[in-house]
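Q: Sequence first, then the predicted structure:
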Amino acid sequence: MVQLNHLKSSKELKSMFKIRIPQASDYNEINHLFHSKENMHLADNDSIIEEDFYKESLSETTSKWFIIEKSGEVLAFIFFTIDTDSKGIKVKKFTINNTYRKKGLNEHLYKKLEQVASQNDLVYMQVEISPDYLDVIDFFTRKGWIKENNCYVKYIK
């Protein structure tokens, strides 16, 4: 597990957050976090992540999950897929517990996204964001993402 070093809170608080790849046993917490309406930030009509899908995606090389936890509780996660044909990433889920939204957790998950894109020599990243979440749109546009059709895209190369 990697300690988070750039949270916007005290030094003591920083050491309590960890980012890691989830395991099958994290399903209930991830699904509970995802299911909570105030934590949904992407354009997604799903209200639940199917357990079979979740467990299968953990072992697929083109699917990536990262979670942030505090004292064993999942507070945030990102799930994305790698499209090897088009050399891109498609962000499917990016969810942060509403209580922890201004703690810098999004930055750490975003860095993982960029790291995977770089390691796989990908050329773009794509996400669909609900128009209701202007702060999420602002987060991505500040990082250089542009709106194309119904998606936001960042070209890497």
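A: That came in fine, so what should we check first? None of these values were measured; they are calculated from a predicted model.
Q: Quick one: low-confidence residue ranges for this protein.
A: Within the chain, the segments meeting pLDDT under 70 span 1-15, 37-48.
Q: Tell me the strands beside the lengthiest strand in it, with direction?
A: Looking across the chain with DSSP state E, the single longest strand is strand 73-83. Sheet pairing of strand 73-83 (DSSP bridges) gives strand 63-70 (antiparallel), strand 88-96 (antiparallel).
Q: longest helix of the protein?
A: Looking across the chain with DSSP state H, the single longest helix is helix 105-119.
Q: Can you tell me what sits against the helix or strand following it?
A: Downstream of helix 105-119, the first helix or strand assigned by DSSP states H and E is strand 124-127. Here strand 124-127 makes contact (CB atoms under 8 Å, 6 or more residues apart in numbering) with 42, 86-91, 94, 113-114, 117, 140, 145, 151-156. (Glycine included, C-beta is placed from N, CA and C.)
Q: The same query, at a cut-off of 10 Å, please.
A: The contact list for strand 124-127, computed with CB atoms under 10 Å, 6 or more residues apart in numbering, reads 41-43, 80, 83, 86-94, 110, 113-114, 116-117, 136-137, 140, 143-145, 148, 151-157.
Q: Okay, angle between the longest strand of the chain and helix 105-119 too, please.
A: Strand 73-83 runs at 30 degrees relative to helix 105-119, counting by axes from the mean of the first three to the mean of the last three CA atoms, to 10 degrees.
Q: re the thing from before, please check the contacts of strand 124-127 and keep the buried ones.
A: For the contacts of strand 124-127, a burial check counting by 16 or more other CB atoms under 10 Å picks out 41-42, 80, 88-94, 110, 113, 116-117, 136-137, 140, 145, 152-154.
Q: picking up where we left off before, got the strands paired with strand 73-83 as a markdown table, with distance to Ala76 columns?
A: As requested, these are exported to a markdown table (distance: least, CB to CB, whole Å):
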| stretch | distance to Ala76 |
| --- | --- |
| strand 63-70 | 4 |
| strand 88-96 | 4 |
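Q: which one of the ones you listed lies closest to Tyr27?
A: In terms of CB to CB, the element of these nearest to Tyr27 is strand 63-70, at 10.6 Å.
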